[in-house]
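1. Structure for the following, please:
(chains A and B)
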Amino acid sequence: DSGVTQTPKHLITATGQRVTLRCSPRSGDLSVYWYQQSLDQGLQFLIQYYNGEERAKGNILERFSAQQFPDLHSELNLSSLELGDSALYFCASSDGTGGDTEKLFFGSGTQLSVL
Amino acid sequence: EDQVTQSPEALRLQEGESSSLNCSYTVSGLRGLFWYRQDPGKGPEFLFTLYSAGEEKEKERLKATLTKKESFLHITAPKPEDSATYLCAVRSYGGSQGNLIFGKGTKLSVKP
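-> Residues are numbered from 1 along each chain as shown, chains lettered A, B, ... in the order given. I've put the predicted structure just below:
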């Protein structure tokens, strides 16, 4: 168990809808990352937050947004969903120090299916 | 642009048959190369970090090595429980803003 908690585990929704994925980082970790994993693209970095502030942005669509709350949990909001958004969404956390030794610890993911 | 390429995409071994997985990378200054293991339906689990060419790290039947252009994950006398997808990732000084850039992984199956 990595200590990173993601809910829900599975989500089935329809095109055009909006969903929210939730992540609680490991105790003591200040940084949260969101990744999307699909069969053809592998793990793609979406966005990173550190202590409530956005730190880095990757391949995140404008339809997607995220935030990190004062208690350090994070939410990823996906709107106007399309079939191609179906994927595994992972949250990871780290101490956020930004050093070379910084490791990411991943949650078990949310499987999103858009029908 | 930072890139990570893993080969082969899939590898089938018999129990006890040693082999190696490859991770080739192109980065603007390597800060670290990471190996993760991912089981079906689970998130990636950290295995190793390597920082400089010539470095090696071992854990049970796994040994990771690093050169200036690639890393190898050697699996000695594998067991069925080693079956998983192995992911390689890099952290660089370049455009990835210090975040991990992953390869697509090698799916390893070990048959008894």
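
2. Give me every residue in chain A lying close to chain B.
-> Counting by Cβ under 8 Å from any Cβ of the partner chain, the residues of chain A lying close to chain B are A:2, A:4, A:33, A:35, A:41-45, A:48, A:55-56, A:58, A:90, A:92, A:98, A:100-109. Any C-beta I mention is one placed from the backbone N, CA and C, and that applies to glycine too.

3. mind running it again at 10 Å?
-> A:2, A:4, A:6, A:9, A:33, A:35, A:37, A:39-48, A:55-58, A:88, A:90-92, A:94, A:98-109, A:111 (Cβ under 10 Å from any Cβ of the partner chain).

4. Could you turn the buried ones of the residues you listed into a ChimeraX selection?
-> A single ChimeraX command selects the buried members of these (16 or more other Cβ atoms under 10 Å in any protein chain shown):
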select /A:2,4,6,33,35,37,42,43,44,45,46,47,48,55,56,58,88,90,91,92,94,102,104,105,106,107,108,109,111
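
5. and the residues of chain A next to chain B, which of them are in strands?
-> Residues of the residues of chain A next to chain B located in strands (DSSP state E): A:6, A:33, A:35, A:37, A:42-48, A:55-57, A:88, A:90-92, A:94, A:105-106, A:111.

6. so where's chain B uncertain?
-> By pLDDT under 70, the low-scoring segments of chain B are B:94-98.

7. Surely A:Pro25 and A:Gln48 touch.
-> No. If you go by Cβ atoms under 10 Å, A:Pro25 and A:Gln48 don't touch, sitting 11.7 Å apart.

8. Touching stretch A:55-62 from outside, list them.
-> Contacts to stretch A:55-62, defined as Cβ atoms under 10 Å, 6 or more residues apart in numbering or on different chains, come from residues A:31-36, A:41, A:44-50, A:66, A:68, A:76, A:78-80, A:82, A:84-85, A:96, A:98, B:96-99, B:101.
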